[in-house]
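Visitor: When you get a sec, could you give me coordinates for this:
(2 chains, ligands or ions: 2)
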Amino acid sequence: MISRLRNNPLIKIAWVHLVSKKRQTIVAMLGVMFGVTVFIFQAGLLTGLQNYFIEKTVNTTAHIHIYNEVRAERPHVLDNVREYDATWKVVRNQKPRDEERRLRNGYQILRALERDPRVEGVAPYLGLQGIVRFGTAQQAATLAGVDIVREDQLFRVQENLIDGDMLRMQTIPNAIILGAGLADKLGVQVDDNIAIISSKGVVLDMKIVAVSKTGITAQDNTRAYISIRNAQRLLQQSGAYITDINVRLRDVNDAQAIATEYQARYQYRAEDWVAANANIFGVFRIQNITITFVIASILVVSGFGIFNILMTIIYEKMPDIAILKAMGYRNKDISTIFVIESLVIGITGGLLGLLLGFIASMIMSTIPLNIQGFVSVQYLTINFNPVFYLVAFGFALLSTAIAGYFPARKASRFDPVEIIRSR
Amino acid sequence: MTQEQPIIVAKHVSKIFTDPVEFRVLDDINLTVDRGEFVVLVGPSGSGKTTLMYALSTLDTEYEGTITVDGTDIKALNPNQLAQFRNTTIGFVFQFHYLLPDFTVLDNVSLPAIKAGLWSPEEIEERAMKNLTLLGVADQARKRSSRLSGGQQQRVAIARALMNNPKILFGDEPTGNLDTKNTALVLDILQDLKTEFHQTILMVTHDMQFTERADRVVAIRDGRIIQHEQQ
Ligand SMILES: Nc1ncnc2c1ncn2[C@@H]1O[C@H](COP(=O)(O)OP(=O)(O)O)[C@@H](O)[C@H]1O
Ligand SMILES: [Mg+2]
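Guide: Ligands and ions are numbered 1, 2, ... in the order given. Okay, the predicted model is just below:
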């Protein structure tokens, strides 16, 4: 004690102050700890889920999706005829034109894209809505006509299979892969035979060769893979008919720029994956803003805790401050005492919070949950990004420093004469 | 700066309090204290003794006129210089001891020396023990200061005031809370300091024992010096 006092009496004074207010000090530390714990836990949980979802999305959404955008709305026919006043407008109930969703030179584009060095893989797609029937059970489904090998290259189809074999799509002409939710609802499994029906009234008998589970509930409940040929048959179309091209890039971060380029070049809509999932990223942003406010308010409250205890100490220890000044300690020495006090609270509370946040996250990540929702997950994927730990600790120190600054400044400005006189 | 130059020179020092009403607490004070002199300041309560002591000891710089301590014009110093000047030149004993209650006696006494930064920890402890011995409280060194009796605490406060060999030792009724026996003890110590170490002492007191032993008694009334009485 004595040797430390000799080296720095300010540290010892700060220490003695905190020890003499043990309970309040601990409460203030707990406040900081709580803030940091919540920060780490919430940020880890939320971004873990978001990352999980983004990863799933990146694996199931094309980096670039090229399709023929059919606009439902179009200018009134009379707009093109001539200038008219309101009384002229007589044609009502104008239907959308029977525009083709077809990509006219789809396979040519496909081959051109394959030669682009920035592209890792390209997959054609022909999708339609249909009905899947098994005996009396029937379910609406999105029938995805794909080239299964290319599709796998883009979307890791094989990885998501929970049963069956993807490659039988190539050997069996009427093969179908069902989403797990869809298979469940129909009560079917691999090697069962089912029927699919299109809106054109075409019926095909299919054999289930595999069941797929991506974790994205909406997809697993509705999607079925069939061959492009079968999709064309369901739509009564010829062999060159495709509606979409999906592109996987070597670098996903180039998606937006390349999409813009393709859209200009091929005159079809080319949408990058971020734009395609804009609504989800919007939700993420709102989540992140909300959580930031929650955490900020906790840290503000813990800041008030520190402010409060320091003000109490300062008023109680005014005589100490006065005598230190009278014996030649500077204003800066006095404020140092209280800055040390707030830092001790902030650092201790912050470190405890980091530890507790880590432990809470660890525990959370090992509890099996089996959530079925937006996405289906068995365990929560918690993000243990060290940046959160740094930021949380940084924020704790910042709020502590701000909370400590004002009391420290106040103490340093006390006039010792006034204090000593008031005794 | 020669030895003959007075250690304190106060010229035309006036101070006015405006709160609650305008009130001239110090009124054209002129005072010179020589090196090694033992000066006692007396006067009725409210006459401005404490106010004058704070001004002379550099704690208060809000006044009219000039005060020169050891050749330095106090008002010319910035707050940091003032703190340093106080640390190295001035020792102050208040009516209350103002010891840090949770610190040991030794720690309390060491504080001014640590701030001065002139000595090693070992030297500081040695000095502290020497001063505590001088004041007769060396046996209390390792105790928490709050455990000591009032008389002991005040003696520790004097030991603390002497730590950096101050050029002037100020006391504002330092024996005001002590019984006669302890007062006599403190007085003996101060007398020894004066005779053995030529310590300059400026002290406010009501105690007749002091006025008898001082070199000079200065009487103050309504903020004015009314009498210099050379012993
Ligand atoms: N900060 C202040 N504001 C207004 N009046 C004050 C203040 N400090 C002291 N006084 C008044 O100044 C007068 C002198 O006070 P002081 O120097 O303490 O006298 P003494 O020490 O001789 O008893 C007293 O009347 C006191 O009430
Ligand atoms: Mg007084």
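Visitor: Count the neighbours of A:R269 for me.
Guide: By the other CB atoms under 10 Å in any protein chain shown criterion, the neighbourhood of A:R269 contains 15 residues. Just so you know, the C-beta spots here come from the backbone N, C-alpha and C atoms, and that holds for glycine as well.
Visitor: again, but for the one 5 residues further on
Guide: Each residue near A:V274 was counted by other CB under 10 Å, and the total is 19.
Visitor: same question, A:A276
Guide: Applying other CB under 10 Å, we find 17 residues neighbouring A:A276.
Visitor: then stretch B:199-219 to CSV, C-alphas only?
Guide: Taking Å, rounded to 0.1, in the frame of the first residue of the first chain, the C-alpha atoms of stretch B:199-219 are listed here in CSV:
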residue,chain,number,x,y,z
GLN,B,199,11.0,28.7,11.2
THR,B,200,8.9,31.7,10.2
ILE,B,201,5.5,31.3,11.8
LEU,B,202,2.3,33.3,11.3
MET,B,203,-0.5,32.3,13.6
VAL,B,204,-4.1,33.3,14.4
THR,B,205,-5.0,32.5,18.0
HIS,B,206,-7.0,33.6,20.9
ASP,B,207,-4.7,31.8,23.3
MET,B,208,-2.9,34.1,25.7
GLN,B,209,0.0,31.6,26.0
PHE,B,210,0.9,32.3,22.4
THR,B,211,0.7,36.0,22.6
GLU,B,212,3.2,36.0,25.4
ARG,B,213,5.7,33.9,23.5
ALA,B,214,5.5,35.4,20.1
ASP,B,215,8.0,37.9,18.7
ARG,B,216,5.2,40.2,17.7
VAL,B,217,1.5,40.4,18.2
VAL,B,218,-0.6,42.0,15.4
ALA,B,219,-4.1,43.1,16.4
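Visitor: ok and the residue in the stretch 251-400 of chain A nearest ligand 1?
Guide: A:A322 (14.1 Å; CB to the nearest ligand atom).
Visitor: Look at that residue and give its secondary structure.
Guide: Following DSSP: H, G, I helix; E, B strand; the rest coil, A:A322 is assigned to helix.
Visitor: Just confirm it contacts A:S422, I think it does.
Guide: No. A:A322 is not in contact with A:S422 according to CB atoms under 8 Å; the separation is 9.4 Å.
Visitor: Neighbour count: those two, which is higher?
Guide: Neighbour tally, A:A322 and A:S422, criterion other CB under 10 Å: the higher count belongs to A:A322, 24 against 9.
Visitor: Look at the residue positioned nearest the centre of chain B and give its secondary structure.
Guide: Central residue of chain B (CA atoms, centre = their mean): B:F170, 1.3 Å from the mean position. B:F170 falls in the strand class when you classify it by three-state DSSP.
Visitor: Kindly report the same for the one 5 residues further on.
Guide: B:T175 falls in the coil class when you classify it by three-state DSSP.
Visitor: Return the residues in contact with it.
Guide: Residues touching B:T175, when contacts are defined by CB atoms under 8 Å, 6 or more residues apart in numbering or on different chains, comprise B:Q154, B:N182, B:T183, B:V186, B:L187, B:T205, B:D207, B:F210.
Visitor: Just give the nearest non-adjacent residue to the residue in chain B that chain A sits nearest to, would you?
Guide: Here chain B gets closest to chain A at one residue, B:N87, 2.4 Å apart by CB to the nearest CB. Closest residue to B:N87 apart from its sequence neighbours, by CB to CB, 6 or more residues apart in numbering or on different chains: A:G328 at 2.4 Å.
Visitor: okay, now that neighbour: neighbour count?
Guide: Residues within reach of A:G328, counting by other CB under 10 Å, total 22.
Visitor: show me the contacts for it.
Guide: Contacts of A:G328 were listed using CB under 8 Å, 6+ apart, and they are B:A83, B:Q84, B:F85, B:R86, B:N87, B:T88, B:P112, B:K115, B:A116.
Visitor: Can you say which of the residues you listed are buried?
Guide: Members of the contacts of A:G328 that pass the buried threshold by neighbour count (16 or more other CB atoms under 10 Å in any protein chain shown) are listed as B:A83, B:Q84, B:F85, B:R86, B:N87, B:T88, B:P112, B:K115, B:A116.
Visitor: now those residues in JSON lines, with pLDDT, distance to ligand 1 and secondary structure?
Guide: Compiled in JSON lines, these are given as follows (pLDDT from 0 to 100; distance: CB to the nearest ligand atom, whole Å; DSSP: H, G, I helix; E, B strand; the rest coil):
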{"residue": "B:A83", "pLDDT": "94", "distance to ligand 1": "21", "secondary structure": "helix"}
{"residue": "B:Q84", "pLDDT": "95", "distance to ligand 1": "26", "secondary structure": "helix"}
{"residue": "B:F85", "pLDDT": "96", "distance to ligand 1": "22", "secondary structure": "helix"}
{"residue": "B:R86", "pLDDT": "95", "distance to ligand 1": "19", "secondary structure": "helix"}
{"residue": "B:N87", "pLDDT": "95", "distance to ligand 1": "24", "secondary structure": "helix"}
{"residue": "B:T88", "pLDDT": "94", "distance to ligand 1": "26", "secondary structure": "helix"}
{"residue": "B:P112", "pLDDT": "95", "distance to ligand 1": "24", "secondary structure": "helix"}
{"residue": "B:K115", "pLDDT": "92", "distance to ligand 1": "27", "secondary structure": "helix"}
{"residue": "B:A116", "pLDDT": "92", "distance to ligand 1": "29", "secondary structure": "helix"}
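Visitor: can I get these in TSV with distance to B:V21?
Guide: Conversion of those to TSV gives the following (distance: CB to CB, whole Å):
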residue	distance to B:V21
B:A83	33
B:Q84	37
B:F85	33
B:R86	31
B:N87	36
B:T88	39
B:P112	38
B:K115	39
B:A116	42
